[in-house]
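1. Curious how this folds, go ahead:
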Amino acid sequence: MNTRPAVSLHPKALAGKVVLITGGGTGIGRATALSMARCGAHVVVAGRRETLLKETAELVRAAGSEAHVVAGDIREPEHAAQLVDEALSTFGRIDILVNNAGGQFQAPAEDISLSGWRAVHRLSVESVWNLTREVATRSMIPNRSGLVVFMAFSPRRGIPGMVHATAARAAVENLASGLALEWSRYGIRSVAVAPGSIISEGLEQYPAQARAEWEQGVPLGRLGQPEDVSEVITFLATDAARYITGTTIAIDGGADAWGSGRPVPAKEY
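-> Next up is the predicted model:
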């Protein structure tokens with residue numbers, strides 16, 4: 001993984017802030033932890049694989065910031081509550097929540113069972129809302145400040161083989177805008193970011209041909225790096241982005257503007 005340091009933000013831009021990142025062991029989650037740490041934030045990383053979380057924490061500490069690891073499954077309400085308990089016990093507050101955890105699989109729409117649909121939505125929508133509410137009610141609303149980041153998809157429309165996942169990510173985009181309207185009175189901002197095809201552990205599960213097709217649909221001519229996303233998320237957490245809320249930001253090399261970039265499937269009459 002490319003772990004180059006961010007050069008565009010001040011090293012004290014987030015000094016004293018506390019960020020909680022789910023799915024923090026790999027990919028965008030790990031890159032976000034490092035980007036935030038390089039700007040002075042204290043970092044809590046959560047996920048199911050403790051070994052990878054500890055690796056992220058060591059990188060955060062090497063960058064000069066404090067880190068805390070909480071292993072667990074945020075799909076379980078008691079684990080989400082424990083995660084917030086530990087974050088507040090360790091650092092006293094949560095200023096930034098990055099809802100990075102998610103999961104999906106590629107399948108034709110007609111092959112997606114109800115249980116498969118529910119599994120994706122349970123992680124990407126239900127658990128995200130539960131954790132967001134825990135963080136907001138226990139830290140951000142009382143402190144009258146905060147930023148919640150949700151993860152959407154680009155292209156921001158239907159994607160073949162991913163209708164269950166794109167439906168879930170459309171839900172969190174709407175959640176982001178709705179919460180911005182409701183919680184602005186508490187000084188809380190709410191934003192969705194929509195990464196395109198990012199080189200990560202998740203992308204590697206798909207066939208090489210599929211990855212090549214996705215790359216051909218990116219006007220900038222390459223797949224994204226985790227840092228392409230993490231540095232934007234970090235910027236959103238700084239005071240420079242204080243007037244940004246209730247919107248979705250595509251981080252995709254122009255893929256959303258281009259569309260699917262692939263021919264339509266052959267007809268089967």
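2. hmm, which helix or strand of this structure has the shakiest average pLDDT?
-> The helix or strand of the chain with the poorest confidence is helix 208-216; it has a mean of 79 (mean pLDDT, DSSP states H and E).
3. Could you check how far it is from the centre of its chain?
-> With C-alpha atoms, centre = their mean, to the nearest Å as the basis, helix 208-216 stands 22 Å off its chain's centre.
4. can you check stretch 178-196 too?
-> 14 Å.
5. Pull out the buried positions in that stretch.
-> For stretch 178-196, burial by neighbour count (16 or more other C-beta atoms under 10 Å) applies to 179-180, 183, 188-196. Backbone N, C-alpha and C define where each C-beta goes, glycine included.
6. Next: stretch 153-172.
-> Buried residues in stretch 153-172, counting neighbours by 16+ other C-beta under 10 Å, are found at 153-156, 159, 161-166, 168-172.
7. State the pair within these that is farthest apart.
-> Among those, the pair separated by the greatest distance (C-beta to C-beta) is G161 and V172, at 19.7 Å.
8. What residues does L147 make contact with?
-> 95-97, 188-191, 236-237 (C-beta atoms under 8 Å, 6 or more residues apart in numbering).
9. Please repeat the previous calculation with a cut-off of 10 Å.
-> Neighbouring residues of L147 by C-beta atoms under 10 Å, 6 or more residues apart in numbering: 17, 19, 95-98, 140, 187-191, 233, 236-238, 241-242, 244-245.
10. W117: neighbouring residues, count only.
-> 16 (other C-beta atoms under 10 Å).
11. Can you tell me how far it is from E126?
-> 12 Å (C-beta to C-beta, to the nearest Å).
12. and if you look at E55?
-> In this view, E55 and E126 are 28 Å apart by C-beta to C-beta.
13. same thing with G16?
-> As defined by C-beta to C-beta, G16 lies at a distance of 32 Å from E126.
14. between these two, who's got more neighbours?
-> Neighbours were tallied for G16 and for E126 using other C-beta under 10 Å; the higher tally belongs to E126 (16 against 11).
15. Tell me how many other residues surround the nearest residue to the more buried one once chain neighbours are set aside.
-> Of all residues not flanking E126 in the chain, R75 sits nearest, at 7.6 Å (C-beta to C-beta, 6 or more residues apart in numbering). By other C-beta under 10 Å, the residues close to R75 number 18.
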